[in-house]
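Asker: Return a 3D structure for these sequence lines:
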Amino acid sequence: MDILDTIKNRRSIRHFSSRDVESDKIDKILEAAKWAPSAGNLQARDFILIKDPKIRDKIVTAALNQGFISEAPIVIVVCANRRRSGYRYGRRGESLYCIQDATASIQNMLLMAHSMGLGSCWVGAFDEEKVREILGIPPEVRPVAIIPIGYPDEIPVTPERRIEVHEDSW
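Answerer: Next comes the predicted model:
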């Protein structure tokens, strides 16, 4: 699949089949995440792979009861490691660069999942402290997104897109 086609055809999937995701596909998704760019190559992002249905159900509660998360056989919580980025870049590393590292990884994960026939969704609406508590995330690490992954049980409509480009100045 051409990379632009992959980008254009990827959709947020909120309905999943009950089919399990093969471990080699999970490995490829995590490898794609690993190869995302990062500030100073510090790779200030961490991943929590959730397979246990009981933990997925707790994550649903923390994610404002977005039930589709528990439909996915795999959920990955992507975290920004503030300490890892901050030790070199100070406050900007703690507040921005680690977030950029995490989100670049997320995009790679979403595209890799789609390229292998899997569906995923970038979930950002959740109670950060509840997720931290459920997963035992230390204070210097910030959960940034919840990514449910599985075989899609829907084909969403392609939305309209726009782009605003400002040349040389706003």
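Asker: helices and strands around the longest helix anywhere in the chain, which ones?
Answerer: Criterion DSSP state H: the longest helix present in the chain is helix 98-115. Secondary-structure packing of helix 98-115 (3 or more C-beta pairs under 8 Å, 6 or more residues apart in numbering; DSSP states H and E): helix 3-9, helix 23-34, strand 45-50, strand 74-81, helix 82-92, strand 119-120, strand 141-150. (C-beta placed from N, C-alpha, C; glycine too.)
Asker: would a markdown table of those with distance to Gln107, mean pLDDT and mean neighbour count be doable?
Answerer: As requested, these are arranged in a markdown table below (distance: least, C-beta to C-beta, whole Å; pLDDT from 0 to 100; neighbours: other C-beta atoms under 10 Å):
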| stretch | distance to Gln107 | mean pLDDT | mean neighbour count |
| --- | --- | --- | --- |
| helix 3-9 | 9 | 94 | 11 |
| helix 23-34 | 9 | 98 | 16 |
| strand 45-50 | 12 | 98 | 20 |
| strand 74-81 | 11 | 98 | 24 |
| helix 82-92 | 18 | 96 | 16 |
| strand 119-120 | 11 | 98 | 26 |
| strand 141-150 | 10 | 98 | 24 |
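Asker: Now that we have those, can you turn them into CSV and tack on distance to Val165?
Answerer: Compiled in CSV, those are given as follows (distance: least, C-beta to C-beta, whole Å):
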stretch, distance to Val165
helix 3-9, 17
helix 23-34, 28
strand 45-50, 29
strand 74-81, 28
helix 82-92, 26
strand 119-120, 28
strand 141-150, 27
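Asker: Would you tell me which of these gets closest to Ser169?
Answerer: helix 82-92 (23.8 Å; C-beta to C-beta).
Asker: Report the angle between the closest one and helix 98-115.
Answerer: Interaxial angle, helix 82-92 versus helix 98-115 (axes from the mean of the first three to the mean of the last three C-alpha atoms, to 10 degrees): 130 degrees.
Asker: I'd like to know which of the helices and strands packed on helix 98-115 lies nearest to Ser105.
Answerer: Once the helices and strands packed on helix 98-115 are compared by C-beta to C-beta, helix 23-34 is nearest, at 4.0 Å.
Asker: among the helices and strands packed on helix 98-115, which is nearest Ala113?
Answerer: strand 119-120 (4.4 Å).
Asker: Perfect, I'm done here.
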